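> With the input below, show me the fold.
(chains A and B)
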Amino acid sequence: MTIAFGNPDRPNSYIGKTVPRPNAPKLVQGRGRYVDDITLPRMVHVAFVRSPFAHARIKEIDSGEAQAVKGVLRIFTGADIAKVCTPWVGVLAHLKGLKSPPQHALAVDRATWVGEPVVAVVASTRAAAENAVALIDVDYEPLPAVTDTMTALDADTPLIHPDLGDNLAFQRLHEEGDVEAAMASAHKVVSAQFRTARHTGVTLEPRSILVDWNPAEGQMTAYHATQAPHMIQTVLATHLDLPESRVRVICGDVGGSYGIKVHVYPDEVATAAIARIMGRPVKFIADRLESFSTDIHARDHEIEAKIALDAEGKILAIDVDDWTGIGPYSVYPRTSAIEGNQVVNLCGGPYEFANYRAKTTVVFQNKAPTCQYRAVGHPIAVAITEGLVDMAAAAIGMDPVEIRRRNMYADDCYPVTSPAKMRFEGLSHHASMTKLMEMMDYDALRADQAEARKQGKSRGIGIASFIELTNPSPFMYGIGGARISAQDGCTVRMDPDGSIVALSGVTEQGQGTEAMLSQVVAEGVGVSPSTVRVITGDTQVTPYGGGTWASRGAGIGGEAALQAARALRQSILEVAASMLQADPGALDIRDGQVVDSDSGAPRLPLEELGRIVYFRGDTLPKDLPRELVQTRHFITMDYPFAFTNGVQASYLEVDTETGVVTLLKHWCVEDCGRVINPQLVDEQIRGGIVQGLGGALYEEIHYDSDGQLLNGSMADYLVPMAAEMPDMIIGHVETPTAESELGAKGAGEAGTAGAPAAVMNAINDALRPLGGQITEMPFTPERILRALGTIED
Amino acid sequence: MTQAFRDKVDVSLTVNGEPVEARVPAGQHLIDFLRTEQGLTGAHASCEHGVCGACTVRVDGQSVRGCLTLAAQVDGAEVWTVEGLTDSGSINDLQDAFVARNALQCGFCTPGMLVAAEELLAQVARPTRAEIREHLSGNYCRCTGYEAIVDVVESVARARAGKGLS
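Down below sits the predicted model:
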């Protein structure tokens, strides 16, 4: 039996409806339980001495004065921790040539970025630990720092890791067709340089971990703000030499992740190592400076790109040369080469064209390590592609919507393989664009823009089509040798009172995972979502799974939940059929009752069935299966990734006197396949858009040429605030994936993927009559005034 | 470490309507005092220098930054946190509206956001969307994009004004 998704009046029709999040009321009442809210008996706190130099040899460490601080219990150097914790190497076999040196939990002999942990101080309070940190005297011998991406491979640039032979971490060249010939014969070739700034996630809850080692039980328990509890379980077990089965990772409420909390951080592993040594609970909560200097950064790319067109505006070729600096180590275990690799995979994504060349060059630097952050590589690839397409449209005098319509893959052409060798199962670029045009009333907006221009106001409209990679298979990490699960599982059980419990390997970071699971399970079993209790984030309790990343929670975790729920439904119906002397096929479960399928007449409440099974099993036939618990796992097999698509538009005004951009409105149409909970999807899109707007207008990590971090606070690193953000209109086209019954693809990163390009194109649309163009993010007032020629020095 | 920093200060105040007497380190921030000494973990420490608003609590009727206020400063004050405001029922309509509109995702900013929003609603009966955005601009939310929060404050203001007229 399949679910009649097309019929909104079907019984138990919770998939596709906005149902409340079961975990939201506790959060508005301040009853959440984030890691820092947990206090354990005998708990101690750790604070870290961090390198003030981008690159330095560590000579003497004098902790004598620190030892004397009241409350200080132990002080650990890199060598101390290395005795119980092995180093790791952040490479993946399928990213050919990727190299990175071994990285220790605390720096041994040498520090390689400002903020790298060097010494750990454990004390009875965080305040005492911090006081002692300030008293530790580390004798550093500064070494030359490599900070510029574009000269990192030059012969006269010092080597960060001499053993590796050069500063190149990874390089990939992809070629399809004949780009040179296409460029040579083209009607028009447009080239541009783009730059995306170094960002970080700025989760309001800083990175947080509390680790307890109980030697009597031989068990480590880590309360961790993480997106991937099972991955962390493996990592802690591997590097602390514990059986995987003796490490339990518990992930309760998490105060924002966005990709920041899916990585292995040296200070967090050091915290676990210290718990192992001290045999008591150790808590580490990053402070805000630690967040800025040691959370992963992302998006630090410099690009040269070209597009070739024929006279009708058809794209003939795209050529991309992408460079990125990733810090001194490739981050473990997902690596820091994925972002550049994604740029190669995603450029030109919405368009049908034949000739494509893209190269990414990933170099080491003495800055904070970069790694996967929300919409990995997408904002860069979309900015390159959509920036080029808009410039090309302007160069041949074509409307930016028209040039896209002439080049986007036709909605009926799927399946199709892109010049980047990405396989698309089914996308809806044209339908999405049509819906966007209706929502924003494009022609009226153009008229408004013209009217504003008459009054001396520079307004711009920017469009950005995009694809988004979701529902990853093992092709993302597993084939490269990482123990990161692309499969996910769900156990669904019925308890004696007829209530349902669902345990899932995907995690809740605030996006609404538990609500999504509750409604999928509710529909799958045939009960109200309010009777489903969802449990996530505990490796000792839930089925093994990957957690939350790459927009996989609904598409993969949701499908596992649906299959488990439907299996439980079948088990319940078999018992009910026996009890009622009926054919299981003639029965259904609706709103917590076994009913006759045809008439809907109630036959047996689930709590009565539960009572009989659990307490009066003697009255049932001896050979009757009565397993009211079912587990199913799901993994995608047909496609490496489930691509989604969408299109965004920005309407904004540029103050040409001050360079300030005012966002007037923003639109997004996206196609994430089956929408399970419209409200949650829309709010994911809105939140994602605003994160993208931050990158477009405000966010930039600054280092000086010595590798000193210049803006390590929220006052200096700007993120979007309420007053500057626009209202956003969200629409959907639904092209379900056929890989699963649920048909859901991911929605968590679409907003972030497309927003920066939409804003860039809108600003350039506003500036074009004045002769200005900007391609370096963030688009600050200074950069806009420079583009206008107002500032020239 | 200076002698002054080691000093302890006696404070007597009310927290969520209940009397509290404590001897606090002179350097302890109000947010740490509430979280670690009083077990009130609803408000959070985040930026730790008064920018993000996650630590916002109400002191003598005004929303203040728990990370910029010393515990020693609140001697004699009346302090309310999200836990007490919840128990008193005074912001239940606002909380319910946050849940219904999904104006929170990770929830880390929400306790501070509620205190700031309630302060605006107490000051202005029917704030415009621009006024709401301006008032909440000291409270960062990294998840929602703010629009749902603005919707909630606008709708609660409308509902409360409607009740006032009837």
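> And the residue of the stretch 401-550 of chain A that's closest to chain B?
Taking CB to the nearest CB as the measure, the stretch 401-550 of chain A has A:Gly510 as its residue closest to chain B, at 3.1 Å. Heads up, the C-betas are built off the backbone N, CA and C, glycines and all.
> now that residue, what's its secondary structure?
Following DSSP: H, G, I helix; E, B strand; the rest coil, A:Gly510 is assigned to coil.
> cool, A:Cys668 as well?
Under three-state DSSP, A:Cys668 falls in the strand class.
> thought A:Gly610 was touching A:Asp497?
Yes: here A:Gly610 reaches A:Asp497: they are 6.1 Å apart, a contact under CB atoms under 8 Å.
> Surely the residue of the stretch 401-550 of chain A closest to chain B is in contact with B:Cys106?
Yes: if you go by CB under 8 Å, A:Gly510 and B:Cys106 touch, sitting 3.1 Å apart.
> Need the overlap of contacts for the two.
In terms of CB atoms under 8 Å, 6 or more residues apart in numbering or on different chains, A:Gly510 and B:Cys106 are both contacted by the residues A:254-257, B:143.
> What about the residue of chain B found nearest chain A, how many residues nearby?
Using CB to the nearest CB, B:Gly42 is the residue of chain B that sits closest to chain A, at 2.2 Å. Residues contacting B:Gly42 under the criterion other CB atoms under 10 Å in any protein chain shown number 25.
> Am I right that B:Asn23 falls within a strand?
I think there's a mix-up here, since residue B:23 is Arg and not Asn. Yes: according to three-state DSSP, B:Arg23 belongs to a strand.
> Just give the nearest non-adjacent residue to it, would you?
Sequence neighbours aside, B:Lys8 is the residue nearest to B:Arg23 in space, at 4.9 Å (criterion: CB to CB, 6 or more residues apart in numbering or on different chains).
> B:Cys52 too?
B:Tyr140 is the one closest to B:Cys52 (CB to CB, 6+ apart), at 4.2 Å.
> A:Phe475: what secondary structure?
What three-state DSSP gives for A:Phe475 is coil.
> Mind putting the shared contacts of A:Gly510 and B:Cys106 into a markdown table with secondary structure?
Listed next are the shared contacts of A:Gly510 and B:Cys106 as a markdown table, based on three-state DSSP:
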| residue | secondary structure |
| --- | --- |
| A:Val254 | coil |
| A:Gly255 | coil |
| A:Gly256 | coil |
| A:Ser257 | coil |
| B:Cys143 | coil |
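> now, which of the residues you listed sits nearest B:Leu68?
Nearest to B:Leu68, judged by CB to CB, of those is A:Gly255 at 20.0 Å.
> shouldn't the residue of chain B closest to chain A be in contact with A:Gln29?
Yes: counting by CB under 8 Å, A:Gln29 is a contact partner of B:Gly42 at 7.4 Å.
> what sits in contact with each of these two?
If you check B:Gly42 and A:Gln29 against CB under 8 Å, 6+ apart, the residues they both contact are B:82-83.
> ok, back up a step: count the residues that sit near the residue nearest to B:Arg23.
12.
> any idea how far it lies from A:Ile285?
The gap separating B:Lys8 from A:Ile285 is 24 Å, by CB to CB, to the nearest Å.
> Repeat that for A:Leu680.
For A:Leu680, the distance to A:Ile285 (CB to CB) stands at 29 Å.
> What of A:Tyr351?
Counting by CB to CB, the gap from A:Tyr351 to A:Ile285 is 46 Å.
> out of those two, which sits in the busier spot?
In terms of neighbours (other CB under 10 Å), A:Tyr351 is the more surrounded of A:Tyr351 and A:Ile285; the figures are 24 against 21.
> show me the contacts for the residue nearest to that one when sequence neighbours are not counted.
Computed as CB to CB, 6+ apart, the closest residue to A:Tyr351 that is not its neighbour in sequence is A:Asn407, at 4.3 Å. Residues in contact with A:Asn407 (CB under 8 Å, 6+ apart) are A:313-315, A:350-353, A:389.
> can you do 10 Å?
By CB atoms under 10 Å, 6 or more residues apart in numbering or on different chains, the residues touching A:Asn407 are A:309, A:312-315, A:348, A:350-353, A:389, A:392, A:429, A:465.
> Which of those fall within strands?
Judged by DSSP state E, the contacts of A:Asn407 include A:309, A:315, A:465 as members of strands.
> between those residues, which is nearest A:Tyr140?
A:Tyr140 lies nearest to A:Ser465 out of these, by CB to CB, at 49.6 Å.
> Check that closest one and give its pLDDT.
Note on A:Ser465: pLDDT of 98.
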